[in-house]
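*Asks:* Model the following, please.
(chains A, B, C and D)
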2 protein chains.
Amino acid sequence: MCSVDDDAKPRPQATQLEVARLAGVSQRTVSNVVSGRGQVSAELASRVREAIETLGYVPSHAARSLRSGRSGVLQLIVPELDVPYFAELGREMIKRASERGFSVMVQQTLGSDQREYEALNGPVGSFAEGTVLSAVGSAPAVWPSRQTRAPLVLIGETRRTGVLDHIGIDDSAASKAATQHLIAVGARRVGFIGAHTDGDLPMAQMRTAGFAAALREAGLSLDPQLVAATNAYHRKDGEEAMSRLLALERPPDAVFCATDLLALGALRSAHELGISVPDDLVVMGFDGLEEGQYSVPTLSTVAPDKAALAEMCIERLLTRVEAHRLGSHEPAPEDLTVPFSLVARESTRRIQQSA
Amino acid sequence: MCSVDDDAKPRPQATQLEVARLAGVSQRTVSNVVSGRGQVSAELASRVREAIETLGYVPSHAARSLRSGRSGVLQLIVPELDVPYFAELGREMIKRASERGFSVMVQQTLGSDQREYEALNGPVGSFAEGTVLSAVGSAPAVWPSRQTRAPLVLIGETRRTGVLDHIGIDDSAASKAATQHLIAVGARRVGFIGAHTDGDLPMAQMRTAGFAAALREAGLSLDPQLVAATNAYHRKDGEEAMSRLLALERPPDAVFCATDLLALGALRSAHELGISVPDDLVVMGFDGLEEGQYSVPTLSTVAPDKAALAEMCIERLLTRVEAHRLGSHEPAPEDLTVPFSLVARESTRRIQQSA
DNA sequence: TTGTATGCGTTATCAA
DNA sequence: TTGATAACGCATACAA
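*Replies:* Numbers count the residues shown, from 1 in each chain, chains lettered A, B, ... in the order given. Got it, this is the predicted structure:
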């Protein structure tokens, strides 16, 4: 009658109370052993550990975080995870977070303001102890009643709000440096890929501005025909934009692309049209993707220090989380700048000046 | 005396009880309104909603999941998020999961068995209602006391366990098809990049096996010199391996790479050594990365249907989660196969047979 | 050093 | 329809 019911419903996770009973101690003691906080005699501790083992006890994350107010979870919100820039960033963020004992929920907005809003203000958003947001737009969705919520750090090319932490590189300066590099290698007719079709994408604005500034300072004219707008910032968009530029009566001798992905698409387009990079045309990207080290030709780029960015984000966020938690005074919002480097590769090898 | 203390500690999140008081109803009613479950008169409902609004109430995820046993969180464990294959997969998974009301925690093992174990068996692992694991090794770390835990779906080239769901493509068949394609375009001396240095990486074994089978069936010999082992599967590894193959006295006229990343590195290496792909050498990858559509030359590849894979994973996982939750009988573990397609691009344009 | 008791914010059972 | 009330599993103030 008493068969081994190996197919019984698995009993729900063991609790501290059950462990306590098995070990013949109070639940309090089990809690102490598990969290390693209070003092427990070696004797009892080992009995408890044994009971934990046999019962396969695992602490309930939900109960723990309800009780303690800490979830050990951070939230990372990005537009698209498969855009290499965000994937590389995600890697670093998760790595840093886990080093400090946090797990990371990754949310994808896919360009939707509503999804961004929900991720930020929904239950899981407040479950997270802090959020790193790579905002798409001008981030007005962020605003509502942010004060009372968990800490938030903005990254990327969001307009600075003055009331939220923001960490990123100096986009205008970086774009300017990139453009100056193009000019330095001999470009005279410099184009730009990645102005935004709809106008007010901060990232596009800042990069366009840096580009324009460099031309102005070099005394070069900015031919509006050479500024190609795109809807998005993927390889495909770069490819299309480049083919448009190369179809012009007077095509550019250099192109600065707002992202590496655009540049990679542009390289492909040039190749298909029989234009040699860098001999006929030099090309520069922005993002420092690993992919650009292996393209043919390899891609010159502006490389934000992503590791430093991730490090600073997590650092800043956790500082704020700690303050938030203790109820102590949180630091004033800051605008932190991450260094970038200009990486010159094959795609911008010096243009031979024709006599 | 009674100054506006706009710098007071933000009161901790409002609770249902506070909302109830403000609306002059019981907390139960608030709960009903929030969850949309029980019946509430329109009158009260709107009063409650107003109170929620003014108080900025957001449900406590922790309390909710403690009480209900549901967290609404899925876990995705991958080796490295910045490997495009996993990034693309991650994108699809998160998309599918969020369509079904779940958020996704992304864990990175960075190749460490221990991290894999911890993600799986730690508190956050059991907090998640289900896990999708792309295991690195033979996944023995997975095993301990898995029975009582949350549902788990294995993806990728793990050895089938017979007791866990596994979803993936038929790796051997896919590799065989790829190799056959190389032979079909005229290859006679076919090499392989991506055998694993340490031997027993299931993915490497299966792909090597498919490769070998194709050669055997075609009556071609497999020159062991042409099988290049790598430690990892990144562009760099492919580049190094290819340069070794090309340094051989009798280099291959075709190379099948175990991943697209290896292949992309290999393309780069060939370019640097002045070997033309596909004229001197045809190259085939595996993964169907978007990057391969833009490389020079574009990369032929075996493309698993990642969208279908993600869809099936989430589908299967949620079915199991539901069963697990209801305590009903869970379906028997299955081995589900996702279709793949062979994508022929420039890197395998037909080899001109020399007389 | 260990045990007892309370409450975190919900949901859900039971009455009203 | 709505209101009290009891868990969910854990951490901690307090007592022993």
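*Asks:* hang on, isn't A:R189 packed against A:L248?
*Replies:* No: A:R189 is beyond contact range of A:L248, at 10.0 Å (criterion: C-beta atoms under 8 Å). C-beta here means a position set from N, CA and C on the backbone, and glycine is covered the same way.
*Asks:* list residues touching both of those two?
*Replies:* In terms of C-beta atoms under 8 Å, 6 or more residues apart in numbering or on different chains, A:R189 and A:L248 are both contacted by the residues A:L226.
*Asks:* how far away is the nearest residue to A:V296 once chain neighbours are set aside from DNA strand D?
*Replies:* Once flanking residues are discounted, A:V296 sits nearest to B:V296: 4.4 Å by C-beta to C-beta, 6 or more residues apart in numbering or on different chains. B:V296 is 55 Å from DNA strand D, where distance means C-beta to the nearest atom of the strand, to the nearest Å.
*Asks:* Same question for B:V296, what's its three-state structure.
*Replies:* Following DSSP: H, G, I helix; E, B strand; the rest coil, we place B:V296 in the coil state.
*Asks:* Show me the strands in the stretch 101-250 of chain A, by range?
*Replies:* A:103-108, A:130-134, A:152-155, A:165-168, A:190-196, A:227-230 (DSSP state E, counting those that start in this stretch).
*Asks:* Of all those strands, which one comes closest to DNA strand D?
*Replies:* strand A:103-108 (15.8 Å; C-beta to the nearest atom of the strand).
*Asks:* Direction included, what does the closest one pair up with?
*Replies:* Using DSSP bridges, strand A:103-108 pairs in its sheet with strand A:73-78 (parallel), strand B:103-108 (antiparallel).
*Asks:* can these go into CSV with extra columns for distance to B:V321?
*Replies:* Putting those into CSV (distance: least, C-beta to C-beta, whole Å) gives the following:
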stretch, distance to B:V321
strand A:73-78, 19
strand B:103-108, 13
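*Asks:* What is the burial count for A:R91?
*Replies:* By other C-beta atoms under 10 Å in any protein chain shown, 23 other residues sit near A:R91.
*Asks:* My guess is it contacts B:D82. True?
*Replies:* Yes: counting by C-beta under 8 Å, A:R91 touches B:D82, with 4.2 Å between them.
*Asks:* quick one on the thing from earlier: if it's not too much trouble, I'd like the strands of the stretch 101-250 of chain A exported to JSON lines so that distance to B:T109 sit alongside each entry.
*Replies:* Listed next are these as JSON lines, based on distance: least, C-beta to C-beta, whole Å:
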{"stretch": "strand A:103-108", "distance to B:T109": "13"}
{"stretch": "strand A:130-134", "distance to B:T109": "21"}
{"stretch": "strand A:152-155", "distance to B:T109": "25"}
{"stretch": "strand A:165-168", "distance to B:T109": "27"}
{"stretch": "strand A:190-196", "distance to B:T109": "35"}
{"stretch": "strand A:227-230", "distance to B:T109": "36"}
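*Asks:* how about JSON lines for those, with mean neighbour count, distance to DNA strand D and mean pLDDT added?
*Replies:* JSON lines is the format used below for those (neighbours: other C-beta atoms under 10 Å in any protein chain shown; distance: least, C-beta to the nearest atom of the strand, whole Å; pLDDT from 0 to 100):
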{"stretch": "strand A:103-108", "mean neighbour count": "25", "distance to DNA strand D": "16", "mean pLDDT": "96"}
{"stretch": "strand A:130-134", "mean neighbour count": "25", "distance to DNA strand D": "19", "mean pLDDT": "93"}
{"stretch": "strand A:152-155", "mean neighbour count": "24", "distance to DNA strand D": "25", "mean pLDDT": "91"}
{"stretch": "strand A:165-168", "mean neighbour count": "24", "distance to DNA strand D": "27", "mean pLDDT": "92"}
{"stretch": "strand A:190-196", "mean neighbour count": "26", "distance to DNA strand D": "48", "mean pLDDT": "95"}
{"stretch": "strand A:227-230", "mean neighbour count": "20", "distance to DNA strand D": "50", "mean pLDDT": "96"}
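*Asks:* Out of these, flag the one nearest B:N121.
*Replies:* When the strands of the stretch 101-250 of chain A are compared by C-beta to C-beta, strand A:103-108 sits nearest B:N121, at 13.7 Å.
*Asks:* can you list the residues of the stretch 101-250 of chain A near chain B?
*Replies:* A:103-108, A:110, A:115, A:121-127, A:145, A:147-148, A:235, A:239 (C-beta under 8 Å from any C-beta of the partner chain).
*Asks:* quick one, helices of the stretch 101-250 of chain A?
*Replies:* A:113-121, A:123-127, A:171-184, A:202-217, A:235-246 (DSSP state H, counting those that start in this stretch).
*Asks:* Which helix or strand lies directly C-terminal to the last one?
*Replies:* Beyond helix A:235-246 on the C-terminal side, the first helix or strand identified by DSSP states H and E is strand A:254-257.
*Asks:* Pull out the buried positions in whichever helix or strand comes after that following strand.
*Replies:* Where DSSP H and E defines the elements, the next helix or strand beyond strand A:254-257 is helix A:260-272. For helix A:260-272, burial by neighbour count (16 or more other C-beta atoms under 10 Å in any protein chain shown) applies to A:D260, A:L261, A:L262, A:A263, A:L264, A:G265, A:A266, A:L267, A:R268, A:S269, A:A270, A:H271.
*Asks:* hmm, the very next helix or strand once past helix A:260-272 touching chain B?
*Replies:* For helix A:260-272, the following helix or strand on the C-terminal side (DSSP H and E) is strand A:282-286. No: using C-beta under 8 Å from any C-beta, strand A:282-286 stays clear of chain B, coming no nearer than 12.6 Å.
*Asks:* what separates strand A:282-286 from the chain centre, distance-wise?
*Replies:* Offset of strand A:282-286 from its chain centre (C-alpha atoms, centre = their mean, to the nearest Å): 21 Å.
*Asks:* Give me the angle between that strand and strand A:190-196.
*Replies:* Angle, strand A:282-286 to strand A:190-196, by axes from the mean of the first three to the mean of the last three C-alpha atoms, to 10 degrees: 30 degrees.
*Asks:* Break chain A into its domains for me.
*Replies:* For chain A, the structural domains run A:11-59, A:73-168+A:306-338, A:171-304+A:342-348, going by automatic domain parsing.
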